[in-house]
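Enquirer: Fold the following.
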Amino acid sequence: MRLSRKIKFLILLLMSSSIFFIYKQTNFNNITYTNIGDSLSIGIDSYGSKTYSYSDYVKNYLKEKKKLKDYYNEYSTKEMSIEKLHYTLLTNKKVNINNTNKNIKDILHETDYLTISVGINDILEKVEDPSNLSNINRKMKEIEKSFNSLIKELRKIYNRDIYIIGYYKQSINNQDYSKYIEKLNNIFKKNKDVIYISTDIISENKSIFISNPSNYYPNYKGYQAISSKIIDKISKKLEK
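Expert: Sure thing, here's the model as predicted:
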């Protein structure tokens, strides 16, 4: 009788292991990836043309791993800012996707991985003269308050990881915004509800990643470099 029980237990154990193995092997196309943001999000290159963004490379990575179910990038625009994204959330803005109206809250409820690139437009809108550092702390406190409010609102809808793309130091419109960019990145790093993605590799290797020195945006190698930072983070999640 004891032997029979042992055999039953072993059979049950083997069946459970087999079910788990089958699940692991067939658990494909189950991830929804959403990217929201500004010109970096849509892939504006060093000459102002739209190319592959970091999110396109992340999307391709998930496809290659046979993990991608859906990809959303419809809430990325050149003008997107912290304040505009906050307003988009508050108004639950709709977009048309494949002839179907979907609002941002519905998309976020589906989302497993979320990347966001916002903040540089807030700096450009608030800072008239980047060489005048006397009001830098006041301006950045306003941006920090806006960013924290955005994340707080986002957390009412979305409870998974939020990956915030940092900015690299580079002249914008022939003006040096380095101090503001550094402080903006520090705002991102301080917020415990987000995972910060550094893009310092771009400014440290401008000759490789920025084809046009008079333009802020990277070339495809730059976008690949940003995507590799994100992929490094999410690949560890996929392995679990």
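Enquirer: and the helix or strand encompassing Lys102, average pLDDT?
Expert: Assessed by DSSP states H and E, Lys102 sits inside strand 100-103. Strand 100-103 shows a mean pLDDT of 90.
Enquirer: And the helix or strand just after that strand, what's buried?
Expert: Reading on from strand 100-103 to the C-terminus, the next helix or strand found by DSSP H and E is helix 104-110. Judged by neighbour count using 16 or more other C-beta atoms under 10 Å, the buried positions of helix 104-110 are Ile104, Ile107, Leu108. C-beta coordinates here come from the backbone N, C-alpha and C atoms, glycine included.
Enquirer: Can you tell me how far the first one is from Tyr75?
Expert: If I follow you right, that is Ile104. Ile104 is 6 Å from Tyr75, where distance means C-beta to C-beta, to the nearest Å.
Enquirer: who touches both of those two?
Expert: Shared contacts of Ile104 and Tyr75, defined by C-beta atoms under 8 Å, 6 or more residues apart in numbering, are found at Thr88, Lys93, Val95.
Enquirer: Could you identify the helix or strand that succeeds the longest strand along the chain?
Expert: Here the longest strand in the chain is taken by residue count, with DSSP state E as the criterion, and it is strand 31-37. Note on strand 31-37: by DSSP H and E, the next helix or strand toward the C-terminus is helix 39-42.
Enquirer: related to what we said a few turns ago, which of the shared contacts of Ile104 and Tyr75 are buried? Put it as a ChimeraX command.
Expert: Command for ChimeraX that selects the buried part of the shared contacts of Ile104 and Tyr75, burial taken from 16+ other C-beta under 10 Å:
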select :88
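Enquirer: could the shared contacts of Ile104 and Tyr75 go into TSV alongside distance to Asn191 and secondary structure?
Expert: Formatted as TSV, the entries for those read as follows, by distance: C-beta to C-beta, whole Å; DSSP: H, G, I helix; E, B strand; the rest coil:
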residue	distance to Asn191	secondary structure
Thr88	19	helix
Lys93	23	coil
Val95	26	strand
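Enquirer: Dump the shared contacts of Ile104 and Tyr75 into TSV; add distance to Lys192 and pLDDT as well.
Expert: As requested, the shared contacts of Ile104 and Tyr75 are exported to TSV (distance: C-beta to C-beta, whole Å; pLDDT from 0 to 100):
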residue	distance to Lys192	pLDDT
Thr88	23	96
Lys93	27	93
Val95	30	90
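Enquirer: Among the shared contacts of Ile104 and Tyr75, which one sits closest to Lys183?
Expert: When those are compared for distance to Lys183 (C-beta to C-beta), Thr88 wins out at 24.4 Å.
Enquirer: what's near enough to touch the closest one?
Expert: For Thr88, the contacting residues are Tyr75, Ile104, by C-beta under 8 Å, 6+ apart.
Enquirer: Against Ser81, how distant is it?
Expert: Where Ser81 is concerned, Thr88 sits at a distance of 10 Å (C-beta to C-beta).
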